[in-house]
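Participant: build me a model:
(3 chains)
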Amino acid sequence: MPELPEVETTRRKIEPLLKGRVIERIEHDAPHKYRNTEAAHGKRIKALTRRGKYLLLQLASADAEGDVPHELELIVHLGMTGGFRLEQGKHTRVTLHTDDGVLHFDDSRRFGKWAVVDPGEYASMPTLAAMGPEPLEEAFTEAAFVKAAATCGAVKVWLLSQKPVSGVGNIYADESLWLARIHPAQTKLNPAEAGRLYHAIREVMQGAVNAGGSSLGNGVGNYRQHDGLSGLFQHQHHAYGRENQPCERCGTEIRKIVLGQRGTHFCPQCQKLRE
DNA sequence: AACTTACCCTGAAAGC
DNA sequence: TGCTTTCAGGGTAAGT
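Facilitator: Residues are numbered from 1 along each chain as shown, chains lettered A, B, ... in the order given. Take a look at the predicted model:
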């Protein structure tokens, strides 16, 4: 499932295909999921950025002579199974026609969403509007994180809210908590715990970005890069998807529970719930 | 305001 | 074998 590292990998891969191109047409048959896309027709893609798990395509008038170019933002969320492909497939939901070719958006489970909005107008996407700082940027500070964590509820649910930090999803929440040796249901982290978690999140996210994200093909998710290549970070998972396998630190079997309606993997020995 | 729950959606896997 | 049920989960809205 695409989290920050997978979305960032996607951004880097499609940037050379789309930057500077003019969108001729965005073709789909689900206006409820891909909103206002006709507003992007005829616009030039100036830049491709990312915020948390959202891709943001900055659009400007294709006509450089225009005195007041109307700038727009094309927001793409990959959902659970969304991704770009060079070839049309069985689950192609959107086709992006540019002056240089086509790119297809595949999304078997249809959780992905697109929308064209005025720049920064995220009222229709409350999670994006309330997004916390990027984990790999300076705005994500240990001091603020430690302070906020002191009053948090179940720490994994809190992380998944995207408010303390952006881009952390189910896989990287489990991995970060394993690395920091904190129980996923722990509330009100003390400063030592919160400090460990802060550094764990940065380490896990940086490692995953460097590896090109995680690819899971066995029914857990189907993230792939647009050219069909896999990321490699799944080989570095220590908790996620390792139910009943020995913890690589202590040998205790990894347990799986449900927390916040998400499968949650942790080591009951290394990650004890503290009262 | 913060937390909990249901829902969206479909393919793979498990169950029968 | 083939049908039915369960499971996976990011984000959103409604309910508490």
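Participant: I'd like the distance between the residue nearest to A:Val168 when sequence neighbours are not counted and DNA strand C.
Facilitator: Nearest residue to A:Val168, sequence neighbours excluded (C-beta to C-beta, 6 or more residues apart in numbering): A:Leu159, at 4.9 Å. Just so you know, the C-beta spots here come from the backbone N, C-alpha and C atoms, and that holds for glycine as well. Using C-beta to the nearest atom of the strand, to the nearest Å, we find A:Leu159 at a distance of 10 Å from DNA strand C.
Participant: A:Leu159: neighbour count?
Facilitator: The burial count assigned to A:Leu159 is 26, neighbours taken as other C-beta atoms under 10 Å.
Participant: pretty sure it belongs to a helix, no?
Facilitator: Yes - assessed with DSSP: H, G, I helix; E, B strand; the rest coil, A:Leu159 lies in a helix.
Participant: from memory it sits against A:Asn170, does it?
Facilitator: No - with contact defined as C-beta atoms under 8 Å, A:Leu159 does not count as touching A:Asn170 (9.7 Å).
Participant: need the contact list for the residue nearest to A:Val168.
Facilitator: A:Leu159 sits next to A:Val165, A:Val168, A:Ala173, A:Ser176, A:Ile201 when contact means C-beta atoms under 8 Å, 6 or more residues apart in numbering.
Participant: could you do A:Val258 as well?
Facilitator: Contacts of A:Val258 (C-beta under 8 Å, 6+ apart): A:Thr264.
Participant: give me the three-state assignment for it.
Facilitator: strand.
Participant: beta partners of it?
Facilitator: Beta-bridge partners of A:Val258, counted by DSSP bridges, are A:Gly263.
Participant: near DNA strand B, which residues of the stretch 101-250 of chain A?
Facilitator: Contact residues (C-beta under 7 Å from any atom of the strand) of the stretch 101-250 of chain A with DNA strand B: A:Ser108, A:Arg109, A:Arg110, A:Phe111, A:Cys152, A:Gly153, A:Ala154, A:Val157, A:Trp158, A:Asn218, A:Gly219.
Participant: neighbours of the third one, how many?
Facilitator: By the measure other C-beta under 10 Å, the count of residues near A:Arg110 is 14.
Participant: just the one 4 residues further on next, same as before
Facilitator: Number of residues near A:Trp114 (other C-beta under 10 Å) recorded here: 24.
Participant: can you tell me the closest non-neighbouring residue to the residue in the stretch 51-200 of chain A that DNA strand C sits nearest to?
Facilitator: Scanning the stretch 51-200 of chain A for proximity to DNA strand C using C-beta to the nearest atom of the strand identifies A:Thr127 as nearest, at 2.7 Å. In space, and not counting its chain neighbours, A:Thr127 is closest to A:Gln162: 5.4 Å by C-beta to C-beta, 6+ apart.
Participant: that neighbour contacts A:Gly52, doesn't it?
Facilitator: Yes - the criterion here is C-beta under 8 Å, and A:Gln162 meets it with A:Gly52 at 5.7 Å.
Participant: dump the residue contacts of the residue lying closest to A:Trp158 once chain neighbours are set aside.
Facilitator: Of all residues not flanking A:Trp158 in the chain, A:Cys152 sits nearest, at 4.3 Å (C-beta to C-beta, 6+ apart). Under the criterion of C-beta under 8 Å, 6+ apart, the neighbours of A:Cys152 are A:Trp158, A:Pro164, A:Thr187, A:Lys188, A:Leu189.
Participant: same check on A:Lys147?
Facilitator: Contacts for A:Lys147 (C-beta under 8 Å, 6+ apart) come out as none.
Participant: show me how far the host helix or strand of it is from its chain's centre.
Facilitator: If you go by DSSP states H and E, A:Lys147 is part of helix A:142-149. How far helix A:142-149 lies from its chain's middle: 22 Å, per C-alpha atoms, centre = their mean, to the nearest Å.
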